[in-house]
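1. dropping the sequence and predicted coords here.
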Amino acid sequence: MKTEHMKKIKDTFNDLPEHWLLLFVINTEDYLEKNMAILNEVLKQEDAICVYITLNRPYSTLKKILEKNNINTDKLFFIDCITKTLDAEKEEKQCLFLENPRNLTNLAIAIDEIINTVPSKNKSLFVDSISTLLIYNRVETVSKFMHVLTGKIRVLNLNGVLISTEKELDPELDDQLNLLVDKTVDLSK
């Protein structure tokens, strides 16, 4: 990852309001590295606990990647929207497994369920990634869901990180998301 991108990520987390909502636009070439750097900054916040919505990697794979990158998974809860589509679910106390990324109502319910059980006042929601939701759902559906989700983040006094890739985000949805977040950070160039 470019040094300027690492600096941009760190600087983004330096001057934030008490509760914040960020959109990171990432290129696909070093997506994982940037994702880990962003998550690491989220977890550096005092008393931080994060609910990580994984739409790209199964929980078991993601957890190994996080541990390899020295990210404290004890501070994370997961909503896995991919494992059950592969018919490979098992019980995990830190993870809720959902049927698939198409059922956004179930995703919203799962978010409520986990957020209500997280024992911290500094809770964050990390959505990886909006671009993947667009593979399974129409743009209009994702747009409505993101509107509700960002509203929920605000009302519940959560912090939020939304991740998308620059090539896959619909321009209309991108414009709407920019209106809903406190800051958009472009790490795609």
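-> Thanks, I have the structure now. Numbers count the residues shown, from 1 in each chain.
2. sec struct for the closest residue to Glu113 other than its chain neighbours, please.
-> Computed as C-beta to C-beta, 6 or more residues apart in numbering, the closest residue to Glu113 that is not its neighbour in sequence is Leu96, at 6.8 Å. (Glycine included, C-beta is placed from N, CA and C.) Following DSSP: H, G, I helix; E, B strand; the rest coil, the label given to Leu96 is strand.
3. quick check: Leu96 vs Lys63, distance?
-> 14 Å (C-beta to C-beta, to the nearest Å).
4. common neighbours of the two, please.
-> The contact sets of Leu96 and Lys63 overlap at Phe78 (C-beta atoms under 8 Å, 6 or more residues apart in numbering).
5. as a check, name the ranges of all helices in this protein.
-> 3-12, 31-44, 59-68, 104-117, 130-136, 139-155, 171-180 (DSSP state H).
6. quick check: which of those helices is buried the most?
-> Ranked by average neighbour count under the criterion mean count of other C-beta atoms under 10 Å, these are headed by helix 130-136 at a mean of 20.
7. what is that one packed up against?
-> helix 139-155, strand 159-165, helix 171-180 (3 or more C-beta pairs under 8 Å, 6 or more residues apart in numbering; DSSP states H and E).
8. kindly recompute the last result at 10 Å.
-> Helix 130-136 sits against strand 21-26, strand 48-54, helix 104-117, helix 139-155, strand 159-165, helix 171-180, with contacts defined as 3 or more C-beta pairs under 10 Å, 6 or more residues apart in numbering; DSSP states H and E.
9. do you know which of the helices of the chain lies nearest Cys50?
-> The closest of these to Cys50 is helix 31-44. By C-beta to C-beta, the value is 5.5 Å.
10. with only the CA atoms kept, save the closest one in PDB.
-> Extracted in PDB, the C-alpha atoms of helix 31-44 (Å, rounded to 0.1, in the frame of the first residue of the first chain):
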ATOM      1  CA  TYR A  31      -8.200  -4.100  -1.200                       C
ATOM      2  CA  LEU A  32      -7.400  -6.400   1.700                       C
ATOM      3  CA  GLU A  33      -4.400  -4.500   2.900                       C
ATOM      4  CA  LYS A  34      -6.400  -1.200   3.000                       C
ATOM      5  CA  ASN A  35      -9.300  -2.900   4.600                       C
ATOM      6  CA  MET A  36      -7.100  -4.200   7.400                       C
ATOM      7  CA  ALA A  37      -5.500  -0.800   7.900                       C
ATOM      8  CA  ILE A  38      -9.000   0.800   8.200                       C
ATOM      9  CA  LEU A  39     -10.300  -1.800  10.600                       C
ATOM     10  CA  ASN A  40      -7.100  -1.500  12.700                       C
ATOM     11  CA  GLU A  41      -7.800   2.300  13.100                       C
ATOM     12  CA  VAL A  42     -11.400   1.600  14.100                       C
ATOM     13  CA  LEU A  43     -10.300  -0.800  16.800                       C
ATOM     14  CA  LYS A  44      -7.700   1.700  18.100                       C
END
